[in-house]
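sequence unknown, structure follows:
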């Protein structure tokens, strides 16, 4: 079976083929104490990705991953403590973890810092700085940061270089990332419906169907209708 690290690598390779199977494998490795798997388990639980949503358990796994030396958890914990999600709200701890995240070059830290700056969670809202952090996360290989940036572009919250950002999202979809396929599919369907373009709608549905085949949990709902968040002040972050 190989080491826990090798098993984690193999489990992550399943993500593009079957999201549900990937999550199940990583949750098993988290229970065995693999540090990065514990952090990923925290994110899955926070988002309710193919598993029951549970903020308290998410915070517990994130703290355990940090105790095991995984610094990628800094940004995530800063957000949890500032919002009081799964832990008692503590702005001092949130600021502490945010500072540690800012000193780190870890992709996960950049992703969560980008999310926090764009939303104004625990810091002054700075869309430009948030986008820079998401781009750094993308450069470090975090495909979820691609989807976040694409989402913010679609929501008209980030529009600094929409063509480049949406190109990144499309490239990620071409690599069969299920979250990217689902989002780009929804965008094509929405645009096609607005422009009365059956070709664009068909192309969008193709991406959504591929995401559904990968068991991406949001894909089936994309068949029903398209809706986007408006730019509003949020007290707690949404869960993409």
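Thanks, I have the structure now. What you see is a predicted model, and the numbers here were worked out from it, not measured in a lab.

show me the contacts for the most centrally placed residue in the chain.
Residue closest to the mean C-alpha point of the chain, counted by Cα atoms, centre = their mean, is residue 144 at 4.3 Å. Shown in contact with residue 144 (Cβ atoms under 8 Å, 6 or more residues apart in numbering): 111, 179. Quick note: C-beta positions are derived from backbone N, CA and C, even for glycine.

tell me which element it falls in.
Using DSSP states H and E, the secondary-structure element containing residue 144 is helix 143-154.

do residue 44 as well
helix 35-47.

looking just at contacts, which helices and strands does the lengthiest helix in the chain meet?
Of all segments of type helix in the chain, defined using DSSP state H, the longest is helix 178-195. On a contact count with 3 or more Cβ pairs under 8 Å, 6 or more residues apart in numbering; DSSP states H and E, helix 178-195 meets helix 143-154, helix 162-174, helix 198-213, helix 219-222.

if you count neighbours, what's buried in that helix?
178-190, 192 (16 or more other Cβ atoms under 10 Å).

which residues does the helix holding residue 44 contact?
So helix 35-47 is contacted by 4, 8, 11, 23, 26-27, 29-30, 49-55, 57-62, 64-65, 68-70, 72-73, 76, 80, 85-86, 108, 239-240 (Cβ under 8 Å, 6+ apart).

low-scoring stretches of this protein, by residue?
1-2, 221-240 (pLDDT under 70).

which one is residue 177 nearest to, not counting chain neighbours?
Among residues not flanking residue 177 along the chain, residue 143 sits closest, at 4.8 Å (Cβ to Cβ, 6 or more residues apart in numbering).
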